[in-house]
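take this sequence and fold it.
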Amino acid sequence: MITDLERAKRLARTIIDDIVLYNKDKVIEGLKNDNVFEVLEEEINLGRKLFEEKVDTSVISPKIFDKTLIDILIAKYGKDVDTNIW
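Modelled structure (predicted):
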């Protein structure tokens, strides 16, 4: 069980990067249509479940996963997608 915050953040980044890697078309389409979280709902829920299985959420907030998700999907990948959202 992970109890170290930096290791938990690293795990979250790895899980989310994998979601993007295997669902690149869905990510791009979701960003273009401003519904990326809905389009990836199943994958995100599976990723969150994996994160919560590996991380001691009584020590580390599960919200770390959600913050990392936004940072990666929007800040990292969103900047490269032509969209009217931003």
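
please count neighbours and contacts with C-alpha atoms only from this point.
Noted.

do a quick rundown of the helices in this structure.
5-22, 24-32, 36-39, 41-54, 63-70 (DSSP state H).

could you dump those helices into TSV with mean neighbour count and distance to residue 77 added?
Output for the helices of the chain, formatted as TSV (neighbours: other Cα atoms under 10 Å; distance: least, Cα to Cα, whole Å):
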stretch	mean neighbour count	distance to residue 77
helix 5-22	17	9
helix 24-32	17	8
helix 36-39	15	11
helix 41-54	16	16
helix 63-70	17	10
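
right, so of those, which gets closest to residue 76?
helix 63-70 (9.0 Å; Cα to Cα).

please name the nearest non-neighbouring residue to the residue nearest to the spatial centre of the chain.
Centroid-nearest residue in the chain: residue 69, 2.8 Å away (criterion: Cα atoms, centre = their mean). Once flanking residues are discounted, residue 69 sits nearest to residue 16: 6.3 Å by Cα to Cα, 6 or more residues apart in numbering.

check contacts around that neighbour.
44, 47, 68-69, 72 (Cα atoms under 8 Å, 6 or more residues apart in numbering).

and those, which two are furthest apart?
47 and 72 (13.6 Å).

what residue ranges in this structure score low on pLDDT?
The model of the chain has pLDDT under 70 over residues 78-86.

neighbours of residue 72, how many?
17 (other Cα atoms under 10 Å).

quick one: it from residue 53, how far?
Residue 72 sits 21 Å away from residue 53 when distances are taken as Cα to Cα, to the nearest Å.
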